[in-house]
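Participant: Following is a predicted model, sequence given first.
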Amino acid sequence: MDRGAAARVFVLFLVFGVSARSTVFAETTKSGTSVDSAIPASSPTPTTPRNGALLDQAPIAISAPGLASPTLASAGTTAVLMAPAISTPVATPRAGSGGSTILANTMVFASDRSGNFEIYSMVVEPTPDPGTLKQLTNDSTYESTWARISPDRKRVLVARAPRGVNDPDGWVTSVWVMDADGSNLRSIRRPGTDGWAAQTHPEWASADGSQMVLFGLADGAQQPFIYLISTADGRILRQVGTVPGIDPSWSAADPDHLLYIGCPIWPCTVTDTEVYRISISGNSSTRLTFNSRRDNDPYLSNSGRRITWEQDQTASVNSGHDSWSLWLMAADGSSGTKTSDHAISSVPQWSWPNDDWIYFHRVVPPANHFGIYRIRPDGWVFEPVVVDDGWHNENPTL
C-alpha cells in the first residue's frame with residue numbers, strides 16, 4: 001500500500017504531532033505539586049495553533065496530508081524584539097567548509113518570515129539580539145520546520161516537508177543534515193524510505209553525532225515505533241524497544257538512555273500518554289509520569305538532574321483550544337511542578353550548557369502566530385525572545 005493510501009486508512013492508537021505542537025504540563029507527576037508561574041497577564045500575545053492530527057481520542061483516523069496554510073490574524077499584538085522581515089542575511093554555502101560552530105549563546109529555530117519556513121540562527125544569551133539573525137536554509141520548495149544542533153555544535157538536523165504542507169505527523173517529511181553555517185545540506189532520509197508511511201521528530205542520539213533517533217510508522221503498521229538511525233546514510237540501526245512510542249530525545253548527560261512518550265495500556269487514548277525513560281538498547285524502560293493528561297516532548301537537562309516536558313490541560317480556555325503548559329520534574333520523575341501558564345506552550349529546550357533557561361514556542365488564542373519565549377526553571381522570570389506580528393517562529397534548539 002502506498003503512503004497516500006496508508007495515510008487515508010490507517011487507524012493509529014498513538015498519534016503524533018511535531019510542528020508548532022502546543023506544550024502543556026498539567027496534573028502532578030508522582031508526588032509533585034502543580035504550581036502556577038508568575039507570567040504577567042500583559043505579556044505579548046502570539047496566535048492560533050497550526051497543529052495537525054493531535055490525538056483527540058483513540059482510535060483515531062488520520063487523513064492524508066494536504067495544504068494547511070495558517071489563518072493570519074487581521075490584527076495582531078505588538079511585536080517584541082522584532083527581527084528584520086525578509087531582508088535577513090543568508091548564509092553563503094561553502095562546499096566542504098565544515099569549520100563553523102554554533103556558539104553556546106546562539107539559538108537555532110524555524111520561521112516563515114520569508115514566505116515559507118526556513119531555519120535561522122540568532123544570539124539569545126545573555127540578551128536576545130535581533131541584529132544577529134541569520135538565515136541558514138534557503139529553499140522555497142520546502143517547509144523547513146524543525147532543527148536540532150549536534151552535540152559538537154558543528155551540524156544541524158533538519159526536518160522538511162514540501163512547500164505549503166503542514167506535516168506535523170510526518171507523512172511527507174524528509175530528514176536532512178547540514179553544517180552549522182547552513183552549507184553542505186544533504187538529505188539522509190526521504191519520505192517512504194524503508195517502506196515507511198511516516199517519520200518525524202529527529203534528534204541526535206550519540207556524542208559523536210553518528211546516530212540520531214526518530215519515530216516512524218512502517219507501511220501497514222498501526223502504531224509508530226522509535227528507531228536508532230545512522231546520520232551518515234539514514235540506515236536503520238535498530239528499533240528501540242518493543243512497544244510503540246513517540247517524541248524521543250537523547251542527552252549527553254544520560255548517553256545510554258532516551259526519553260520518550262508511551263502508553264501503559266492499549267488501545268491508548270490521549271490521556272493515557274506518559275513520559276518514559278528507556279535504555280538506548282531497548283532492554284528496559286521506566287515510567288516517569290502518572291497523570292490523566294496528554295504528555296509530549298520530554299527533554300533532559302544538560303546536568304542530567306531535571307526533565308522538562310509539555311502537558312495538555314483543558315479545552316475550556318483559549319477560545320476552545322487546548323491549553324498546554326510546560327512542566328518540570330526530577331530525572332527520576334519526582335517533584336513535578338508546572339512552570340508556564342495556560343497558553344499554548346510547547347517543545348521546551350534547555351539553554352546550553354548551563355540550564356539557566358527553558359526556551360519554547362507559545363501562542364495565546366485567538367492570536368495565531370507562535371513566538372519563541374524563555375522561562376527560568378523556577379517559573380519566576382518569563383521573557384519574549386522572538387515574537388513578531390506577521391509570521392510564526394517555532395521549534396527553538398540550543
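Facilitator: Right, received. Where do you want to start?
Participant: per-residue confidence at the residue nearest to residue 210 when sequence neighbours are not counted?
Facilitator: Counting by CB to CB, 6 or more residues apart in numbering, the nearest residue to residue 210 once its immediate chain neighbours are dropped is residue 231, at 6.0 Å. Placement of C-beta: from N, CA and C, glycine included. pLDDT for residue 231: 98.
Participant: With residue 147 instead?
Facilitator: Predicted confidence (pLDDT) for residue 147: 98.
Participant: Shouldn't it be within a helix?
Facilitator: No: counting by DSSP: H, G, I helix; E, B strand; the rest coil, residue 147 falls outside a helix, being strand.
Participant: Burial check on it, number of neighbours?
Facilitator: Summarising burial for residue 147: neighbours were counted as other CB atoms under 10 Å, giving 26.
Participant: what is it paired to in the beta sheet?
Facilitator: Note on residue 147: beta-bridge partners by DSSP bridges are residue 158.
Participant: next one: phi and psi at the most centrally placed residue in the chain?
Facilitator: When CA atoms, centre = their mean is applied to the chain, the residue found nearest the centroid is residue 347 (4.3 Å). With angles defined as degrees, to the nearest 10, residue 347 shows backbone torsions of phi 50, psi 60.
Participant: hang on, isn't the residue nearest to residue 210 packed against residue 211?
Facilitator: Yes: contact criterion CB atoms under 8 Å: residue 231 and residue 211 qualify, at 6.3 Å.
Participant: Output the below-cut-off pLDDT ranges for the stretch 1-150 of the chain.
Facilitator: Judged by pLDDT under 70, the stretch 1-150 of the chain has its weakly predicted residues at 1-99.
Participant: now swap in the stretch 251-398 of the chain and tell me
Facilitator: When the per-residue scores of the stretch 251-398 of the chain are filtered using pLDDT under 70, the ranges that remain are 314-322, 342, 389.
Participant: does residue 170 really touch residue 199, like I thought?
Facilitator: Yes: taking CB under 8 Å as the definition, residue 170 is a contact partner of residue 199 at 5.0 Å.
Participant: Identify the contacts common to those two.
Facilitator: Listed contacts common to residue 170 and residue 199 are 216, 217; contacts here mean CB atoms under 8 Å, 6 or more residues apart in numbering.
Participant: Can you tell me the closest non-neighbouring residue to residue 125?
Facilitator: Setting aside the residues directly before and after it, residue 125 is nearest to residue 105 in space (CB to CB, 6+ apart), at 4.2 Å.
Participant: For that neighbour, list the residues it contacts.
Facilitator: If you count contacts by CB under 8 Å, 6+ apart, residue 105 has them with 123, 124, 125, 126.
Participant: will you turn the residues you listed into TSV that also has neighbour count?
Facilitator: Formatted as TSV, the entries for these read as follows, by neighbours: other CB atoms under 10 Å:
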residue	neighbour count
123	17
124	25
125	20
126	8
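Participant: of these, closest to residue 368?
Facilitator: Nearest to residue 368 among the contacts of residue 105 is residue 124, at 23.8 Å by CB to CB.
Participant: what sits against the closest one?
Facilitator: 105, 106, 107, 359, 374, 385, 398.
Participant: Check those residues and tell me the two furthest apart.
Facilitator: Of all pairs drawn from those, the one with the largest separation by CB to CB is 106 and 374; the distance is 13.6 Å.
Participant: Comparing these two, which shows the higher neighbour count?
Facilitator: Taking residue 106 and residue 374 together and counting by other CB under 10 Å, residue 374 has the greater number of neighbours (24 against 20).
Participant: measure that one to residue 148 for me?
Facilitator: In this structure, residue 374 and residue 148 are separated by 18 Å, where distance is defined by CB to CB, to the nearest Å.
Participant: likewise residue 371?
Facilitator: According to CB to CB, residue 371 stands 20 Å off from residue 148.
Participant: the more surrounded of those two?
Facilitator: Neighbours of residue 371 and residue 148, each counted by other CB under 10 Å, are more numerous for residue 371; the result is 28 against 21.
Participant: Tell me how far the residue nearest to that one when sequence neighbours are not counted lies from residue 394.
Facilitator: Leaving out its chain neighbours, the residue that sits closest to residue 371 by CB to CB, 6+ apart is residue 387, at 3.3 Å. Taking CB to CB as the measure, residue 387 and residue 394 are separated by 12 Å.
Participant: now swap in residue 166 and tell me
Facilitator: From residue 166 over to residue 394 the distance is 11 Å, taken as CB to CB.
Participant: Check residue 365 too.
Facilitator: 16 Å.
Participant: ok, the two, which is more surrounded?
Facilitator: In terms of neighbours (other CB under 10 Å), residue 394 is the more surrounded of residue 365 and residue 394; the figures are 28 against 20.
Participant: correct me, but that one touches residue 363?
Facilitator: No: look at residue 394 against residue 363 with CB under 8 Å: they stay out of range, at 9.6 Å.
Participant: Need the overlap of contacts for these two.
Facilitator: With CB under 8 Å, 6+ apart applied, the overlap between the contact sets of residue 394 and residue 363 consists of residue 370.
Participant: and residue 298, which of the three is it?
Facilitator: At residue 298, secondary structure determined by three-state DSSP is strand.
Participant: wait, it sits on residue 247?
Facilitator: Yes: because the distance of 6.8 Å satisfies CB under 8 Å, residue 298 is recorded as touching residue 247.
Participant: what do these two both touch?
Facilitator: With CB under 8 Å, 6+ apart as the test, residue 298 and residue 247 both reach 260, 261.
Participant: Between these two, which has more neighbouring residues?
Facilitator: Under the neighbour definition other CB under 10 Å, residue 298 and residue 247 were set side by side, and residue 247 has more, 30 against 25.
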